[in-house]
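# can you look at this prediction? I've put the sequence above it.
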Amino acid sequence: MKHFFVIFLCCIINLNMAKAQIFNVDGIYYKVGYESNVEVTSSPALYSGDIIIPAKISYNDASYSVHSIGENALSGCIGLNSVALPGSIASIESFSFRGCSGLTSIEIPNSVISIGDNAFNGCRSLTSVIIPSSVTSIGGGAFIGCYSLESVSILGPVNLISSSIFLGCNGLISIIIPSSVTLIDHNAFLGCYSLKSITIPNAVTSIESGAFSGCGGLASVVIPNSVKNIGFSAFYDCRSLSSLTCLSSKPPRIYEYTFYGINVENCTLYVPDGTKELYKTADYWKDFLTICILENN
């Protein structure tokens, strides 16, 4: 019985080792996952230069499909200039490219479904990103500290702009947010002071605390009629805001510091016909000195 148990234990250990098998093909390290899939994993020596990741590889007479960029796979590779991702990739895992400060561009293939937390955190040389229509989720902090990022297009049916996703992206000028988004989470655009305008989709029900805090370049904002809640400090210190339009027939819930730092003497609040008195008496909305009725609403 004891002999049988030792054999059984050895089989389990060998099976786990096989599952975690890591090998190198043409300078790129891969970890074997389920079936015949592998993920790109970290290298003992940091990746650098220009890398092309193939869709399929062969190793020891076996063929594998490259299915994902693993967690921390290229993290800290400051000498990495560019990466070509194959159309076989379904996920870019958390911290995959964190701190790749030399990475100037990334083309995300239309096969990718998810982008993990902090995936591109600290990629400060990235200038633009197009997130394809295949992507359904983008993790929190995915682009924190991408200081050079100027434009972002999110084409996939994501329903959440995650917390801190673009925090500190102070070069961000424009972003396309899909109509599927229902929530803009905490600190999503905190410190994006180059952002001049933002279109908030008509499906959004809540703008969470700090979402646009410190967006000092925002001159005008339209709050769609779907929004029920605007969190604490959501538009804190948006000092250039001169026009705020709220399309809701009932003033959304806001808080003492939701619009703190805005000059309410110079910022005009536009509201639908028949709602002016509601806004004039609603907590904190009434602080706006000029409340006007929208024309042709």
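Nice, I can see it.

# what's the local residue count around the closest residue to residue 124 other than its chain neighbours?
Nearest non-adjacent residue to residue 124, counting by CB to CB, 6 or more residues apart in numbering: residue 147, 4.7 Å away. Where C-beta positions appear, they are placed from N, C-alpha and C, glycine not excepted. Other residues near residue 147 number 15, with proximity taken as other CB atoms under 10 Å.

# now the one 4 residues further on
Residue 151 is surrounded by 14 other residues when neighbours are defined as other CB under 10 Å.

# give me the pLDDT value at it.
Residue 151 is assigned a predicted lDDT (pLDDT) of 95.

# beta-bridge partners for it, please?
residue 128, residue 174 (DSSP bridges).

# which residues touch the residue nearest to residue 124?
For residue 147, the residues meeting the contact criterion (CB atoms under 8 Å, 6 or more residues apart in numbering) are 124, 168, 169, 170, 171.

# and the pLDDT at the fourth one?
For residue 170, the model assigns a pLDDT of 96.

# ok, it touching residue 195?
No. Here residue 170 does not reach residue 195: they are 9.1 Å apart, not a contact under CB atoms under 8 Å.

# which of those two has more neighbours?
Set side by side, residue 170 and residue 195 show unequal neighbour counts under other CB under 10 Å, the larger going to residue 195 at 24 against 20.

# leaving out chain neighbours, which residue sits closest to residue 219?
Using CB to CB, 6+ apart and skipping the chain neighbours, the partner closest in space to residue 219 is residue 240 (5.2 Å).

# help me confirm that that neighbour comes into contact with residue 214.
No. Residue 240 is beyond contact range of residue 214, at 11.4 Å (criterion: CB under 8 Å).

# which parts of the longest strand seen in the chain are buried?
In the chain, with assignment by DSSP state E, the single longest strand is strand 62-69. Applying a neighbour-count criterion of 16 or more other CB atoms under 10 Å, the buried positions in strand 62-69 are 64, 65, 66, 67, 68, 69.

# adjacent strands (with direction) for it?
Each strand pairing with strand 62-69, determined using DSSP bridges, is listed with its direction: strand 37-41 (parallel), strand 56-59 (antiparallel), strand 91-92 (parallel).

# enumerate the beta-bridge partners assigned to the closest residue in space to residue 91 that isn't next to it in sequence.
Distances taken as CB to CB, 6+ apart place residue 68 nearest to residue 91, at 4.3 Å, with adjacent residues excluded. Beta-bridge pairing of residue 68 under DSSP bridges involves residue 39, residue 91.

# got a list of what the residue nearest to residue 219 touches?
By CB under 8 Å, 6+ apart, the contact list for residue 240 reads 216, 217, 218, 219.

# and what of residue 140?
Under the criterion of CB under 8 Å, 6+ apart, the contact list for residue 140 reads 117, 118, 162, 163, 164, 165, 185.

# where exactly do the helices run in the stretch 1-150 of the chain?
Applying DSSP state H, counting those that start in this stretch to the stretch 1-150 of the chain gives helices spanning 2-19.

# picking up where we left off before, from the strands paired with strand 62-69, which stretch is densest packed?
Per residue and on average, the most neighbours among these fall to strand 91-92, with a mean of 25 (mean count of other CB atoms under 10 Å).

# and it, how far from the chain's centre?
Using CA atoms, centre = their mean, to the nearest Å, the mean C-alpha position of strand 91-92 is found 13 Å from that of the whole chain.

# next one: stretch 222-238
19 Å.

# that one spans what distance, first to last residue?
One end of stretch 222-238 to the other measures 14 Å (CA to CA, to the nearest Å).

# now do stretch 231-243
According to CA to CA, stretch 231-243 extends 19 Å from its N-terminal end residue to its C-terminal end residue.

# repeat that for stretch 222-237.
Between where stretch 222-237 begins and where it ends, there is a gap of 17 Å, by CA to CA.

# quick check: buried residues in it?
Going by 16+ other CB under 10 Å, stretch 222-237 has these buried residues: 223, 224, 226, 227, 230, 231, 232, 233, 234, 235, 236, 237.

# using JSON lines, lay out those together with secondary structure and pLDDT.
Output for the buried residues of stretch 222-237, formatted as JSON lines (DSSP: H, G, I helix; E, B strand; the rest coil; pLDDT from 0 to 100):
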{"residue": "223", "secondary structure": "strand", "pLDDT": "97"}
{"residue": "224", "secondary structure": "coil", "pLDDT": "97"}
{"residue": "226", "secondary structure": "coil", "pLDDT": "98"}
{"residue": "227", "secondary structure": "coil", "pLDDT": "98"}
{"residue": "230", "secondary structure": "strand", "pLDDT": "98"}
{"residue": "231", "secondary structure": "coil", "pLDDT": "98"}
{"residue": "232", "secondary structure": "coil", "pLDDT": "96"}
{"residue": "233", "secondary structure": "coil", "pLDDT": "97"}
{"residue": "234", "secondary structure": "coil", "pLDDT": "98"}
{"residue": "235", "secondary structure": "coil", "pLDDT": "97"}
{"residue": "236", "secondary structure": "coil", "pLDDT": "97"}
{"residue": "237", "secondary structure": "coil", "pLDDT": "96"}
